[in-house]
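[1] no FASTA, just this:
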DNA sequence: CTGTTAGCGCGTTCAA
DNA sequence: TTGAACGCGCTAACAG
């Protein structure tokens, strides 16, 4: 059987509560008795039982993470594993445990959150399903349970969230192209209703404006799904109707399609950038210039935000922006 | 405050223990009181508190997973995220919670296992660091704490483990090449001391033997590290000294190097296979025939093995083999 | 078949 | 500054 606080007390010739006190540095204790207790702890190899401690009212120091099961996303991206690692880096530093569960749909997602809360195991939740998790948010808010979301929620005011500065990121992308002498830059993005798309498009517009450039007609595209095929479609269209010298996209997948069309048409003088730094971007030719969204850091900051809120209940809810970095590769080299 | 068993008891006009009993289907209870209790549970929206239940002696129904932090592996492979998902699929079905932690080295790995055990949170551990985790195994055995390892341990007899049938997998690869008329098949693998390498090499030898083929001199290579460069080195060597018509490797990375050399030398008539079905294998040209190791299933079976052992203490330790599947792509097509 | 009671290991009053 | 006692929510004997 494991050694309990009781045996430590006996060994140190003090009462249970005294041991408990030195364990938590609470109230004043003589240096001498403190030493006696600590010696006993060491001698007996005592380690506190979190279960008992939690039952007696202490927080569990455990965070639950909810992941989507969608295999496509999982395969395409190292986002999730990196975000999970990021979370772990901060959480472990603070002595927190991490739980995770994959859910196959929204409904199951809520179910797991319910389970996390009701079981009493976790004291906070990280939402990692990048998109629409309104049901989860609703449930968590209803039960006023602490949580943080990676991604920008619809009502960002009253919620803890962490996301990239998508506007700035795309702005940087476009400005770097302008610096290379590009003057007619096309845009390919996801659905216009999505916050990510909106933000990135905003950055695109701002960069052009600041550079004194205009958006050409028919040079902006918005698609419902992030596919290579849509990238191709847009690029073919651009080649026939426009005189572009660069293309920015909100996702590497679009860019892969774009590059295919450019290769076919021997127009690799047109520069291309992507977003998300998917592994494939380094394997194709030309290698793709893209934006690293730093999933690690997103996770780390999310964990920090949550834990700070956990330990300081009346902290204001806030949103945190994580900078991303432009990774320059062959698709934006002048020599090509 | 959450509703407790006590309130349910009062509502149903029974004692605590009766409620506890219907909760666990233990001993005989009148259908009528059972109904009364269940009604009360529903009416009050009662949910058992796992913490209390655990403290009172019930198992925690929580499994701890230990992951390596090594970014290279993490990026190259979807193995970990898939294995984690596989574990979750089975564990969640059985009502188990999952904890994870990333450790940056062996030492930290043991530290986390220690923490898992001492805290009392978890009742079993899954080791996922594919290679040498002797220290962890040692620690776990010392404390006779239930665990399962994904991969083949050095002393497989007294340990629960799950792994691919590497011998058979490689055998299938080679036989499929023989069936395509190949007669001089080279082998490129990792360090000869590694169990994986040994097993795959064994399958290679068996297949050749059964097909009445001989291993040519200087056509087998073993490298310390899985790199493209080593693949190139081996292939250049093979081209100059041997008359091979196919190359099998124990890792896609070797194969990428091999294909590079073959393309350079316009020798794509030589067939190539890899191992692990890394994402890149579908993006290169020719696309690479490789072996899918089914990380999902490895995780699922590992969870099953562990949970079965958890719920049935005197179960024998065992090793489970997970079949892999050969994915035929362009690099083994005759037309090329 | 059901109720009573004594813990599980620890935190936290309240006294001393 | 320290100790005794109670309770967190639940399980598992032991009675009846």
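    Looks like it arrived, so ask away. A quick note: this is a predicted structure, and the numbers were derived from the prediction, not measured.
[2] CA only for contacts and neighbour counts going forward, please
    OK.
[3] chain B contacts on the stretch 101-250 of chain A?
    A:101-102, A:118-121 (CA under 8 Å from any CA of the partner chain).
[4] which of the residues you listed sit farthest apart?
    A:102 and A:120 (19.0 Å; CA to CA).
[5] and the helices in the stretch 51-200 of chain A, which stretches?
    A:71-76, A:79-93, A:106-119, A:134-142, A:166-179, A:195-210 (DSSP state H, counting those that start in this stretch).
[6] same list (those helices) but as JSON lines, adding mean neighbour count, mean pLDDT and distance to residue B:271.
    Listed next are those as JSON lines, based on neighbours: other CA atoms under 10 Å in any protein chain shown; pLDDT from 0 to 100; distance: least, CA to CA, whole Å:
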{"stretch": "helix A:71-76", "mean neighbour count": "13", "mean pLDDT": "59", "distance to residue B:271": "27"}
{"stretch": "helix A:79-93", "mean neighbour count": "22", "mean pLDDT": "93", "distance to residue B:271": "34"}
{"stretch": "helix A:106-119", "mean neighbour count": "18", "mean pLDDT": "90", "distance to residue B:271": "45"}
{"stretch": "helix A:134-142", "mean neighbour count": "15", "mean pLDDT": "88", "distance to residue B:271": "50"}
{"stretch": "helix A:166-179", "mean neighbour count": "21", "mean pLDDT": "97", "distance to residue B:271": "42"}
{"stretch": "helix A:195-210", "mean neighbour count": "20", "mean pLDDT": "95", "distance to residue B:271": "44"}
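[7] out of the ones you listed, which is closest to residue B:41?
    Comparing the helices of the stretch 51-200 of chain A by CA to CA, helix A:106-119 comes nearest, at 13.8 Å.
[8] just give me how far that closest one sits from the chain centre.
    Using CA atoms, centre = their mean, to the nearest Å, the mean C-alpha position of helix A:106-119 is found 21 Å from that of the whole chain.
[9] now do it: everything it contacts.
    With CA atoms under 8 Å, 6 or more residues apart in numbering or on different chains as the test, helix A:106-119 has contacts from A:64, A:66, A:68, A:101-103, A:122-123, A:125, A:133, A:135-136, A:139-140, A:145, B:47-51.
[10] anything in it near DNA strand D?
    No: applying CA under 7 Å from any atom of the strand, one finds helix A:106-119 separated from DNA strand D by no less than 8.9 Å.
[11] for DNA strand D, see how far away residue A:43 is.
    With distances taken as CA to the nearest atom of the strand, to the nearest Å, residue A:43 is found 18 Å from DNA strand D.
[12] now do residue A:55
    Counting by CA to the nearest atom of the strand, the gap from residue A:55 to DNA strand D is 4 Å.
[13] what's the answer for residue A:231, then?
    Residue A:231 is 55 Å from DNA strand D, by CA to the nearest atom of the strand.
[14] nearest spatial neighbour of that residue, chain-adjacent residues omitted?
    residue A:254 (4.1 Å; CA to CA, 6 or more residues apart in numbering or on different chains).
[15] ok, that neighbour - contacts?
    Residue A:254 touches A:188, A:226-232, A:274, counting by CA under 8 Å, 6+ apart.
[16] mind picking the two most distant members of those residues?
    Taking CA to CA, no two of the contacts of residue A:254 sit farther apart than A:229 and A:274, at 14.8 Å.
[17] when the two are compared, which one has more neighbours?
    Legend: neighbour count by other CA atoms under 10 Å in any protein chain shown for residue A:229 and residue A:274, higher for residue A:274 (29 against 17).
[18] surely the more buried one meets residue A:252?
    Yes: counting by CA atoms under 8 Å, residue A:252 is a contact partner of residue A:274 at 4.3 Å.
[19] drop anything exposed from the contacts of helix A:106-119.
    Buried by 16 or more other CA atoms under 10 Å in any protein chain shown: A:64, A:66, A:68, A:101-103, A:122-123, A:125, A:133, A:136, A:140, B:47-51, out of those.
[20] re earlier: spit out the residues that contact residue A:274 and residue A:252 alike.
    residue A:290.
[21] helix, strand or coil: sort out residue A:29 for me.
    State at residue A:29, reduced to three classes by DSSP: H, G, I helix; E, B strand; the rest coil: coil.
[22] surely it touches residue A:20?
    No: using CA under 8 Å, residue A:29 makes no contact with residue A:20, being 11.3 Å away.
[23] neighbour count for these two, which is higher?
    Neighbours were counted for residue A:29 and for residue A:20 using other CA under 10 Å; residue A:20 has more, 17 against 13.
[24] so who does the more buried one touch?
    residue A:5.
[25] which SSE is it in?
    helix A:16-23 (DSSP states H and E).
[26] pLDDT on that helix, on average?
    On average, the pLDDT along helix A:16-23 is 86.
[27] buried residues, that helix. List them.
    Across helix A:16-23, burial judged by 16+ other CA under 10 Å covers A:16, A:18-20, A:22.
[28] again with stretch A:327-336
    Across stretch A:327-336, burial judged by 16+ other CA under 10 Å covers A:328-333.
[29] then residue A:320 would be within a helix, right?
    No: per three-state DSSP, residue A:320 lies outside any helix segment and is strand.
[30] need the residues that contact stretch A:265-282.
    A:76-78, A:173, A:177, A:244-255, A:258-259, A:262, A:287-293, A:327, A:331-334, A:336, B:75, B:279-280, B:283.
[31] buried subset of the residues you listed?
    Neighbour counting with 16+ other CA under 10 Å marks A:77-78, A:173, A:177, A:244-255, A:258-259, A:262, A:287-293, A:331-333, B:75, B:279-280 as buried within the contacts of stretch A:265-282.
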